[in-house]
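Engineer: predicted structure and sequence below. I'll ask about it afterward.
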Amino acid sequence: MVNKAAWPFCSFSKLTGVASISKDQMLVNEAIRAREVRLIGADGSQLGVVPFREALRIAQEAELDLVNVAPTAKPPVCRIMDYGKFKYEQAKKDKEARKNQKIIELKEVRFSSNIEEHDFQTKLRNVRKFLEDHHKVKCSIRFRGREITHSEIGLSVMERVAAQCEDLAAPERRPKIEGRSMIMILAPKTEK
């Protein structure tokens, strides 16, 4: 029977009795199950292949943790470090990365092939507003009934939209017919 208390970072399968470790968690101290490990010191120096108990003793003398950083290697690679501090710094880096990332949404504006001028200007204003907010815009025209036979009218509407927005955007995808729709994607120009 496996002692589950000795494996704090694992979940156990009831069928097989085998521990599975999640990606973001590493085995620490007593949870490591290996006879010998390749040991890396607290200063980053290679200490060679040593028995697990000796590696754990060295880590405890330094008042640090023994962390398995490469469990699939033969023998597993363990590093002596302050695991709590490592997890804290990792969480800080992840938070900073999330804060700096820019999420670009894809907004859709639907036109029709026989659109009136005022409606066109209103929808064009929305497209320009989305592009100014640095969102990609999907312009689409849905052809109803026999309108599909005159797809060149829809193409001229799409080209007009692209021409009116060329100061803000570049077409990421040219107008293309897919089924009964014509789709064009505009991507905002990036400032350098």
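Structural biologist: That came through fine. Given the structure is predicted, the values throughout are model-derived calculations rather than measurements. Numbering: from 1, shown residues only.
Engineer: for the record, mean pLDDT for the helix ranked longest in the chain?
Structural biologist: Ranked by residue count, the top helix of the chain under DSSP state H comes out as helix 83-100. The pLDDT scores in helix 83-100 average 85.
Engineer: which parts of it are buried?
Structural biologist: Tyr83, Phe86 (16 or more other Cβ atoms under 10 Å). Every residue, glycine included, has its C-beta placed from N, CA and C.
Engineer: partner strands of the next helix or strand after it, parallel or antiparallel?
Structural biologist: On the C-terminal side of helix 83-100, the nearest following helix or strand under DSSP states H and E is strand 106-111. Partners of strand 106-111 in the sheet, by DSSP bridges, are strand 136-142 (parallel).
Engineer: now do the strand it pairs with: distance to the chain's middle.
Structural biologist: Chain-centre distance of strand 136-142: 25 Å, with Cα atoms, centre = their mean, to the nearest Å.
Engineer: which residues are contacting it?
Structural biologist: Contacts of strand 136-142 with the rest of the structure, by Cβ atoms under 8 Å, 6 or more residues apart in numbering, involve 104-113, 127, 130-131, 154, 157-158, 161, 169, 172, 180-188.
Engineer: swap in stretch 56-66?
Structural biologist: 28-30, 32, 37, 39, 42, 47, 50, 55, 78-84.
Engineer: now those: which count as buried?
Structural biologist: Val28, Asn29, Ile32, Val37, Leu39, Val50, Ala55, Cys78, Arg79, Ile80, Met81, Tyr83.
Engineer: out of those residues, name the ones that lie in strands.
Structural biologist: Val37, Leu39, Val50, Cys78, Arg79, Ile80, Met81 (DSSP state E).
Engineer: now the two most distant members of the residues you listed.
Structural biologist: Put simply, by Cβ to Cβ the two of those set farthest apart are Val50 and Met81, 16.2 Å from each other.
Engineer: I'm done for today, thanks for sticking with me.
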